[in-house]
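Trainee: Build me a structure from this.
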Amino acid sequence: MSEREFHPVANLFPLLEGAEFRDLCRDIEDNGLLVPIWLHPDGRIIDGRNRYRACLDTMIEPQFRTWSGDGSLVAFAVSLNLKRRQLNTGQRAIVALNIMEYLEPDAKKRQGQRSDIRAILPEGLPRPRDQAAKSMNVSPRYVQDAKKLKAEAPELFAKVRSGDLTIPQAKRKAWPPQETEVTDAWQDVVNLAGQRGIDPEVVAKSVRKITKANSTTTYKNQPAIDKTKGAVPLEGTEHVYTVGKLLWPEAVEDTIEGFIIGSSLHVCCGKSLLGDVRLDMDPENNPDILCDASSMAGFVADDQFDTVICDPPYNGQYQWNHDLLTELARVAKKRIIFQHWFIPANKHGEYRKDTNFTLSKINIWQGKTIFGRAQVISVFDHE
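Mentor: Predicted coordinates:
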């Protein structure tokens, strides 16, 4: 069979390579082509590059459908891929980078109809980067990071594209951060860990202080605390604890992103875009799953995600906090990343609600506010 050309819109999403592509070939060889390959009216492939390549490799006759030409071609291709592909945050950022490059001034010469891409993008965002990031549900900063990796560290960019590295992991390899020492302010944490039966030497190596970052942990960004003049509002009061914007500094978000392994669920996600799937009970945060984090049964299965991230509100009722910790252990398969003022570990360094998870890392950071509370990021791994 004569080979067909790929339309440029098909290149927005990464090709499957290695084991993933071989698995696709085996599946098509065993079961046939179950999802047709979509063509532009001019005959070029707009969706299904991987399926088409697999058909060529296995000598299976491909099945085609032709796009009607109605609406936006890019919106059509993006919709098909996002429904079918399991992309992590870094891979979505690279797709957003591809869209951004179409939106930049010289893209008109390369691609032609820029309006075809603008049709899928939110209105009112002035920068192409921000528009593309919003369309792929990633941070604009990650799109910028992907652009820099592509230009300065293409081999690491390729690993992000394939899913082998996250963007923070690639950044640390490309531009290693300066080491920071555990200061006296945090030595008490190491000492306390020793008193509770956790090896102080192990903890000392994992404790890290992140300071002088562009934190937005101000009362103005935490409306309920602003209303109560700095006090954390208790459950049941008229002041519901919500946040006005993302509170983490970039360095903290990079650190947490670097801890993620495999598929990830971000519980109590708030405004953060971290995680393959985001869960929150506030619809204004546009989560993928809208439910109470202390009762995720019916929404999230046991061991469904390799990594579960959680930075819960600080005014949950006593029983709610217990239920939340239990639920995190239920849905996490390999790792729990938990941020709060406390470490949910017993004296042996085991997760309080499931001793199969043990404490492996502790990171501490503090916002730029004068009397800001220190935040502890504790990481628990399944044995």
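
Trainee: Output the contacting helices and strands for the helix or strand encompassing Phe21.
Mentor: Counting by DSSP states H and E, the element that carries Phe21 is helix 18-31. When contacts are defined as 3 or more Cβ pairs under 8 Å, 6 or more residues apart in numbering; DSSP states H and E, helix 18-31 sits against helix 49-58. Every C-beta, even on glycine, is put in place using the N, C-alpha and C of the backbone.

Trainee: Dihedrals phi and psi, His382?
Mentor: Note on His382: backbone dihedrals following degrees, to the nearest 10 are phi -80, psi 130.

Trainee: Just to check, Pro36 is in contact with Gly48?
Mentor: Yes - the criterion here is Cβ atoms under 8 Å, and Pro36 meets it with Gly48 at 7.3 Å.

Trainee: Neighbour count: these two, which is higher?
Mentor: With neighbours defined as other Cβ atoms under 10 Å, Pro36 and Gly48 compare such that Gly48 has more, 27 against 14.

Trainee: Quick check: closest non-adjacent residue to that one.
Mentor: Ile37 (3.4 Å; Cβ to Cβ, 6 or more residues apart in numbering).

Trainee: which residues does that neighbour contact?
Mentor: Ile37 is in contact with Ile45, Asp47, Gly48, Arg51, Tyr52, Cys55, Pro62, Gln63, Phe64, Arg65, counting by Cβ atoms under 8 Å, 6 or more residues apart in numbering.

Trainee: pLDDT score for the third one?
Mentor: Reported pLDDT at Gly48 in the predicted model: 90.

Trainee: can you check the first one too?
Mentor: Looking at Ile45, its pLDDT reads 93.

Trainee: got it, and the fifth one?
Mentor: Here the pLDDT value assigned to Tyr52 is 93.

Trainee: now swap in the last one and tell me
Mentor: What the model reports as pLDDT for Arg65 is 93.

Trainee: Name the nearest residue to it, ignoring sequence neighbours.
Mentor: Pro36 is the one closest to Arg65 (Cβ to Cβ, 6+ apart), at 4.6 Å.

Trainee: just to revisit the earlier point, closest to Leu24 out of the contacts of Ile37?
Mentor: Arg51 (7.2 Å; Cβ to Cβ).

Trainee: State the distance from that closest one to Asp42.
Mentor: 19 Å (Cβ to Cβ, to the nearest Å).

Trainee: Of the two, which one has the most company?
Mentor: The residue with more neighbours, out of Arg51 and Asp42, is Arg51; 24 against 9, by other Cβ under 10 Å.

Trainee: The more buried one contacts Gln63, correct?
Mentor: No - contact between Arg51 and Gln63 fails when scored by Cβ under 8 Å: they sit 9.2 Å apart.

Trainee: Look up the residues that both of those two are in contact with.
Mentor: With Cβ under 8 Å, 6+ apart, Arg51 and Gln63 have common neighbours Leu33, Ile37.

Trainee: mind checking how far stretch 159-167 is from the chain centre?
Mentor: 12 Å (Cα atoms, centre = their mean, to the nearest Å).

Trainee: State the mean pLDDT of the helix or strand harbouring Gly90.
Mentor: Using DSSP H and E, Gly90 maps to helix 89-103. The average pLDDT for helix 89-103 rounds to 84.

Trainee: Okay, buried residues for the helix holding Phe21 please.
Mentor: Neighbour-count burial for helix 18-31 flags Leu24, Cys25, Ile28 (criterion: 16 or more other Cβ atoms under 10 Å).

Trainee: which neighbours does the following helix or strand past it have in its sheet, and in what orientation?
Mentor: Later in the chain than helix 18-31, the nearest helix or strand by DSSP H and E is strand 37-39. Applying DSSP bridges to the sheet, strand 37-39 is found paired with strand 45-47 (antiparallel), strand 64-66 (parallel).

Trainee: quick one: the last one to chain centroid distance?
Mentor: The gap between where strand 64-66 is centred and where its chain is centred comes out at 33 Å by Cα atoms, centre = their mean.

Trainee: how does the chain divide up, domain by domain?
Mentor: The chain breaks down into these domains under automatic domain parsing: 8-163, 184-382.

Trainee: pLDDT weak spots in this protein?
Mentor: 1-2, 83, 102-127, 177-249, 315-316, 367-372 (pLDDT under 70).

Trainee: For Leu279, what is the enclosing helix or strand?
Mentor: Assigned by DSSP H and E, Leu279 falls in strand 277-280.

Trainee: next SSE after that strand?
Mentor: In the C-terminal direction from strand 277-280 (assignment by DSSP H and E), the next one is strand 289-290.

Trainee: So which other helices or strands are in contact with whichever helix or strand comes after that next one?
Mentor: Counting by DSSP H and E, the element after strand 289-290 in chain order, helix or strand, is strand 305-310. Contact partners of strand 305-310 among helices and strands, from 3+ Cβ pairs under 8 Å, 6+ apart: strand 264-267, helix 318-331, strand 332-340.

Trainee: Strand 305-310 pairs with which strands, parallel or anti?
Mentor: According to DSSP bridges, strand 305-310 forms sheet pairs with strand 264-267 (parallel), strand 332-340 (parallel).

Trainee: Nearest to Gln169, out of the ones you listed?
Mentor: Nearest to Gln169, of these and by Cβ to Cβ, is strand 264-267 at 13.6 Å.
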